[in-house]
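*Asks:* Just need the structure, nothing else, for what follows:
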Amino acid sequence: MRTSEPCRFDTLSWAPAGAPSGDLPTLATHEVGHIFGAGHTSAPAWAGKYLREDSHAWAFTFTLPPELGGGTFGGKSVMAEGNPPECQNLDCAISPYFSNDSVNGTDNLKALETTALSVANYRQTPPGVACNATFPPFGVQGVLGGVCAPTPWTEHFISWQHQCPGQVSVFWIWKRQPLGALPVPAWPVPTTSTPAYVAGADAEALIQSCSSSGSCSGLSSSSYVAQSLCPW
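*Replies:* Below you'll find the model as predicted:
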């Protein structure tokens, strides 16, 4: 889901721009499809924005020969946007299906099958599991603070998240320096952020959480690479 999309009010409901017109079940199916990584058509406006390169809807038009009554008609799968280019401004009928044409690069069904288990099991805390410090930290990120501040150091600020911060006694910052080296413990902090200074080689920061009893998590799956930018 892209919360940066503009929104509008229409006669059905509040909906992101690009959503199809139609009944509310169709609109709901379309929006839930985005949660699974399914996408609009492969028009340039939507390229590269969904789970896979082929996570796109299909849309087409066809013209009947005169002996069959003539006329141009169109159709589109449920994830197609309101007025896809393929419909040539026709009111394409919505098919209540997800695309599954891998040959032509429109296979939203593959996106749904890929993410179904993750979406179905999304919870902040698994049921029956007590929240504790051994849950590994996640969402490690950082920003550059200053170069040669002071020489030879480059300053960074690193932050992260934890499922149960109230259960954590201390966070240990581990580092890989140079990149690719084995991680080693660097320093402890009591909160979910810390300044970091690097000199010489770039360093990768990973985070570990520990309880007051000494039980610790594994290292975070995410990390932050602190670049050494001071030319000394």
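
*Asks:* Next one: the residue in the chain sticking out farthest from the centre, what pLDDT does it get?
*Replies:* Residue farthest from the centre of the chain, counting by CA atoms, centre = their mean, is residue 67 at 50.6 Å. We have a pLDDT of 87 for residue 67.

*Asks:* helix/strand/coil for it?
*Replies:* Classification of residue 67 by DSSP: H, G, I helix; E, B strand; the rest coil places it in helix.

*Asks:* Now do the top strand by length along the chain, average pLDDT.
*Replies:* In the chain, taking DSSP state E as the definition, the longest strand is strand 138-147. Per-residue pLDDT over strand 138-147 has a mean of 92.

*Asks:* which residue packs closest to residue 41, ignoring adjacent ones?
*Replies:* Setting aside the residues directly before and after it, residue 41 is nearest to residue 84 in space (CB to CB, 6 or more residues apart in numbering), at 4.4 Å. Glycine gets a C-beta too; all of them are placed from N, C-alpha and C.

*Asks:* and that neighbour, what does it touch?
*Replies:* Contact partners of residue 84, counting by CB atoms under 8 Å, 6 or more residues apart in numbering, are 40, 41, 43, 57, 59, 76, 92.

*Asks:* partner residues bridging the fifth one?
*Replies:* Going back to what we said before, that points to residue 59. For residue 59, the beta-bridge partners under DSSP bridges are residue 76.

*Asks:* From residue 171, how far off is the nearest residue to residue 39 once chain neighbours are set aside?
*Replies:* Nearest non-adjacent residue to residue 39, counting by CB to CB, 6+ apart: residue 50, 3.1 Å away. For residue 50, the distance to residue 171 equals 35 Å [CB to CB, to the nearest Å].

*Asks:* Please apply the same query to residue 48.
*Replies:* Per CB to CB, residue 48 is found 35 Å from residue 171.

*Asks:* Those two: who's more crowded?
*Replies:* More neighbours surround residue 171 than the other of residue 48 and residue 171, with 25 against 8 (other CB atoms under 10 Å).

*Asks:* I'd say the more buried one and residue 187 touch.
*Replies:* No. Residue 171 sits out of contact with residue 187 when judged by CB atoms under 8 Å, with a separation of 9.7 Å.

*Asks:* Please enumerate the shared neighbours of these two.
*Replies:* Shared contacts of residue 171 and residue 187, counting by CB under 8 Å, 6+ apart, come down to residue 194.

*Asks:* looking at the chain, which helix or strand is least sure?
*Replies:* None of the helices or strands of the chain scores lower by mean pLDDT, DSSP states H and E than strand 7-9, at a mean of 35.
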